[in-house]
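S.K.: build the 3D model from these lines:
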Amino acid sequence: MAVKIRLARHGKKGYAFYHIVAADSRAPRDGKFIEKLGTYNPNTNPATIDLKFDRALDWLLKGAQPTDTCRAILSYKGVMYKKHLLGGVAKGAFTEAEAEAKFNVWASEKQSKIDAKSNKLASDATAAKKAQFAAETKVKEERAAAIAEKKAALAAEAAAAAAEEAAEAEAPAEEA
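M.R.: Got it, this is the predicted structure:
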């Protein structure tokens, strides 16, 4: 039986959510699977991936073939790198402790990159919100200035009309 690590689609139309599963290659995409290894939600930024690291590594070591997308996901989480390091240990290139140390260094660097991206997205969102607020404030001030200008013009016009009426009222009084 050829086992594949692949995605099983869930979620609603236009808002996909995936389960990462180990399944027989002959089974349908959303059909029967052997084991659920995790979930993948591409709708968030960065994408949310929950993975049973040890089980995924175990399936890879048993010979399961990941699909292209699952290979990218497993690589992102470090499962493929861990498999590569374990292959080096099996060949005698280095010890298991050295492999573990290399993997821990890689994992900490990867986590710092992910945190940096999340922080950048959050700061960009805050900056965009501030810029939008500043633009709205500017528009509000321009509208208030235009309204004040209109009111001043109407008040001046009303004062001129009142002065004109007063002048007309005085003029007939002088004629009499």
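S.K.: for the helix or strand bottoming out on mean pLDDT in the chain, name the packing helices and strands.
M.R.: Here the helix or strand of the chain ranked lowest by mean pLDDT, DSSP states H and E is helix 96-175, holding a mean of 88. On a contact count with 3 or more C-beta pairs under 8 Å, 6 or more residues apart in numbering; DSSP states H and E, helix 96-175 meets helix 79-91. To be clear about C-beta, it is placed using only N, CA and C from the backbone, and glycine gets the same treatment.
S.K.: mind checking how far the spatially most central residue of the chain is from A125?
M.R.: Centroid-nearest residue in the chain, with C-alpha atoms, centre = their mean: N45, separated by 2.2 Å. With distances taken as C-beta to C-beta, to the nearest Å, N45 is found 10 Å from A125.
S.K.: try N119
M.R.: Using C-beta to C-beta, we find N119 at a distance of 11 Å from A125.
S.K.: angle of the least confident helix or strand of the chain against helix 79-91?
M.R.: With axes from the mean of the first three to the mean of the last three C-alpha atoms, to 10 degrees applied, the angle from helix 96-175 to helix 79-91 works out at 160 degrees.
S.K.: so the protein: which segments form each domain?
M.R.: Listed by automatic domain parsing, the domain ranges of the chain are 3-78, 118-176.
S.K.: looking at these, which is nearest to V105?
M.R.: The minimum distance between V105 and the domains of the chain falls on domain 3-78, with 11.2 Å, by C-beta to C-beta.
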